[in-house]
Each structure stands twice: as C-alpha cells, then as structure tokens.
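# please work out how this folds:
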Amino acid sequence: MKKRILTGVLSVATVLSLATGLTACNDNSGGDADIKDDGDVLTILAWTNNGDVRNMVALFCEKTGTDPSKIKIADCGASGGDASTGYETYLKGNDDADILCLEADWILKYINDDNLTASLDSIGISSSNLANPYSYTVAIGTNNKGVLKGASFQAAPGGFVYRADLAKQYLGVNTPEEMQEKVKDWASFEATAQALKDAGGPALAATEDGMWQVYQANRTKPWVVDGKLIMDNAEEFYDIAKKFYDNGYMTTDAAWSETWYNQVKNGNALGEFLSTWGMTDSDGGQLKNFAGGEGDSANMAFCAGPQEYFWGGTWLGVSTKCDNKTLAKEFIEFFTCNDEGMRAYVDKTGDYCNNKKVMEAVVSEGNHKNKYLVGGQSQFAYFAEKAGNIKMDGLITEYDATIKSLFNESVKAYAKGEVATKEEAISKFKDSVRKDIVDITVE
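Alright, predicted model coming up:
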C-alpha cells in the first residue's frame, strides 16, 4: 500500500512524531490471527448515532491525506445497544468488516470470542504502544485470556449539566460552584429537587436512566458473579426512582428517546447527567441538543453532581475478517498510540481523549472553552482530576447491556405504577433475565 503523507495543520515536528509512533507500533508484529492486507476499503462497524467515529474518520482523512472513499462506516443499529446484536448479524454475512466500535457494556461479548475479534497485536499494536492511557481502559480492552483486543480513544468520567438560567431563576444559583453545593450528595440532590418544586420550577433530573448510571457507581460487585445474578445496590434504587417519579423530581422520559433532549431544552428538566462523550462541542454531542444556544447565548453549565461516576466509552477492536491490516493499524494508532493524533482529536471535537499527558497539557494551557456552556466553561479540569480514579476491574460482564436494559425497564414500570409493588417488579425483572440469558443462574 502506498504510504500516505500527513497534511493539513500538522507541523514538521508533528509529522516526525507521528512517524516515530508508527515505527514503535511496527516493532510488535506478532499476533494470534492471520490478518490479510489486500482489501481496498477499511470498513468500520458502528451504530447510526455514533458521531465519534464519523468525526474520527473525517479527522483521520484530513490529517493523513487518506482518500475518504477508502473508509466506510457500516451502521449496525440505531444505538450502541442495538449494535451489540447488530454486529452478530452483520458478521455472519459476507460483507467487509475491519474495525469494530465496542461499548463497555458488551465489549466482553466480542473480545472474549476469538472467532469474532483478533488481538491488536495481530496488526502490530500492543499495550506498550498505547499513549499514556488511563489504566481502566486497558483493563476493559483486555480479554479473559489476558490478550489486548480493544483500545479506547476516550476516557469517560461524568458530571451534571444544567440550565444555568433556570438555576438562577428558581434556586438563586449564579455559579457552577454554588450549584455543586445544591447537588453535592444524594441527600442534597433530593432536597434541591424539592426546592425546585416548591418554587414552581422544573424537575431536577431528566431521566431515570441518567440517575441510575450515576447511582450504579456505588456497586461493589458486577451483575454476574460465579454465574449468578447479583443485585448488589440495585434493589434500593427502585425506592429512589419511585420517590423521584411520584414527587415530580424527574421526568418520565427515557434517555435516547425523541423527546429526551427537549426536556432540558424546553425547561421541563433542569439538567441531566452526561459523560465526556456527551459534552463535546461538536455536532454529535448530547450537550448541543440540550442547549438553547452557543457562545454568548449559551444557557448550560456544568458541575460534578452527587458522586463520581463513569459512563461508557468506545473501544476499537479488530475483526477476524479484517483484510486491510495496514490501514486498520494506522487508524487505531492515530487515535490511541500517538500524542499528536489524539491532541488533534481533542481540538476538533472537544472530546476527552484517553491520554493523560495530552489532557494534562490541554488543562494547563487553559485555552479550552465549551461553546455550549455559559462563559465558555471548560469541563476538562474536573475530568482530568477524576479520570484517574475510575476503577472498573472485574465490575463489567458480557451480560451488562442486556441486564441493564431489563433493569431500567423494570424500574420505570414500578416508578410509573405499572407494577404494584417493588417485590413484584424485582420478580418480573429476574424472570426477564432468566428468559433472555439462559446461561446464568437467577435465584
């Protein structure tokens, strides 16, 4: 394959840095699969609302001079959850598949199956090539045999975004620091929800989905231990969700629904929990969809919320059907092995990359401004402080996407009064898990 020349705004020093990164990755060419290199197009499997990969493809082509026609995105479902099963159907066919975008909730399903994914080592990338990654991302991308099969380009701690104008109107809050005092723990969060109601204001939180994503950070055990379903702190969340629904502390909408964005945008909810990928200042970010404007007309602000948490993220894996080894390697290493490529991604999208050195530099420079936050507030300093605290070793399973979906459906049914009691809701949840996942024990 003809070697591409880096173009665009990259300096000579940058080109040399990238070249060094490519050489480093070339030093590790062993692997567990015979990956071919005779394909004409790099096909990346993703899902329709995955704006990250579209931004990445555009940036990669811009910076490396790659012809955009050489990269194709194959959509396998509308959302990340859909892709979990959509990939299976796609991979059973004869269509091209080189790179897989994998979510935390179901990455193990793919990286633990050697028929579906090859090691990153098979295209010449090892953990030593990754550029200053947050350790939890490497742990999640490593399968049950200790083989690195996924590399993440982003780290994903989260916080609480809220309507600054409504917080001032109903709570007398003028700064993110003042808002944080109002939501600094779950007791404060609930008290502030009541204060909003007393003042005739909106619900505090937009969705049960968002609240659970934060609350589940209290879990000390995964959903499945030794082949058995474990509820851990999930049972108590039924009570919390019920109280918030009954008192109008949060809306009854579901995340990712058509009306979800409008709950914040139209002032029906004060705010929502978002992770780094949802707070980008690019077109695909959730924050943009919540915001009523940008720049001087921005009305959103950001604070930490009641507790630290981690939400999602995407890992890049290699399909065993890959037939474009060179381009697959160059694409993955651009966003995971190379400081310059990862910094370019941050500057273009406003996402938080999986590179401690790069993000420390971005924060120290103090130039980042999020155009959808009041005054150009930047979320990066907070995320840089918290990303290193994420501990996910042993806390995810290959069943998480299915179990979490069934759990959220169960909680909503109880909170809305569609199920009479908490005990009945839990029983129905367990029945659903028993039916959908036949290889685990549900007691």
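# where does the stretch 1-150 of the chain dip in pLDDT?
Residue ranges of the stretch 1-150 of the chain with pLDDT under 70: 1-33.
# ok, which stretches of it are helices?
12-26, 51-64, 80-92, 107-111, 135-140 (DSSP state H, counting those that start in this stretch).
# for Thr441, what are phi and psi?
phi -90, psi 130 (degrees, to the nearest 10).
# can you tell me which residues contact the residue nearest to it when sequence neighbours are not counted?
Leaving aside its sequence neighbours, Thr441 sits nearest to Lys228 (C-beta to C-beta, 6 or more residues apart in numbering; 4.6 Å). All C-beta atoms are positioned from the backbone trio N, CA, C, and that covers glycine. By C-beta atoms under 8 Å, 6 or more residues apart in numbering, the contact set of Lys228 is 440-443.
# same question, Glu398
Contacts of Glu398 by C-beta under 8 Å, 6+ apart are 106, 108-109, 112.
# let's verify it: helix, strand, or coil?
coil (DSSP: H, G, I helix; E, B strand; the rest coil).
# any idea of the pLDDT on it?
pLDDT recorded at Glu398 is 91.
# how much space between it and Thr48?
23 Å (C-beta to C-beta, to the nearest Å).
# ok, now Lys416?
Taking C-beta to C-beta, one finds Lys416 at 28 Å from Thr48.
# likewise for Val438?
29 Å.
# with Ser127 instead?
Using C-beta to C-beta, Ser127 is found at 31 Å from Thr48.
# what about the residue nearest to Ala156 when sequence neighbours are not counted, neighbour count?
Distances taken as C-beta to C-beta, 6+ apart place Gly313 nearest to Ala156, at 3.9 Å, with adjacent residues excluded. Using other C-beta atoms under 10 Å, Gly313 has 27 other residues around it.
# what about Lys369, how many residues nearby?
By the measure other C-beta under 10 Å, the count of residues near Lys369 is 13.
# isn't it up against Val362?
No - with contacts counted by C-beta atoms under 8 Å, Lys369 stays clear of Val362, the gap being 11.5 Å.
# hmm, which of the contacts of Lys228 are the buried ones?
Listed as buried from the contacts of Lys228 are Ile440; burial here means 16 or more other C-beta atoms under 10 Å.
# quick check: the farthest pair among the contacts of Lys228?
Using C-beta to C-beta, the pair of these lying farthest apart is Ile440 and Glu443, separated by 10.4 Å.
# list the contacts of Ala83.
So Ala83 contacts 45-47, 76-77, 101, 103 (C-beta under 8 Å, 6+ apart).
# equivalent analysis for Ile44, please.
53, 57, 71-74, 98-101, 331.
# for it, give its distance to Thr336.
14 Å.
# one more: Thr85?
26 Å.
# the more surrounded of these two?
Thr336 (29 against 15).
# state the pLDDT value of that one.
Value listed for Thr336 in the pLDDT field: 98.
# wait, it touches Gly150, no?
No - look at Thr336 against Gly150 with C-beta under 8 Å: they stay out of range, at 9.7 Å.
# overlap in contacts of the two?
With C-beta under 8 Å, 6+ apart, Thr336 and Gly150 have common neighbours Leu316.
# which residues does Glu418 contact?
Neighbours of Glu418 in contact, by C-beta under 8 Å, 6+ apart: Lys412.
# quick one, phi psi at it?
Backbone torsions of Glu418, given as degrees, to the nearest 10, read phi -80, psi -20.
# that one and Val411, how far apart?
Taken as C-beta to C-beta, the span from Glu418 to Val411 is 11 Å.
# and if you look at Phe237?
Counting by C-beta to C-beta, the gap from Phe237 to Val411 is 6 Å.
# where do the contact lists of those two overlap?
Trp212.
# ok, the two, which is more surrounded?
When Phe237 and Val411 are compared for neighbours, Val411 comes out ahead with 26 against 20, by other C-beta under 10 Å.
# secondary structure element holding that one?
helix 400-415 (DSSP states H and E).
# that helix versus helix 80-92: what angle between them?
140 degrees (axes from the mean of the first three to the mean of the last three C-alpha atoms, to 10 degrees).
# centre of the chain to helix 400-415, how far?
19 Å (C-alpha atoms, centre = their mean, to the nearest Å).
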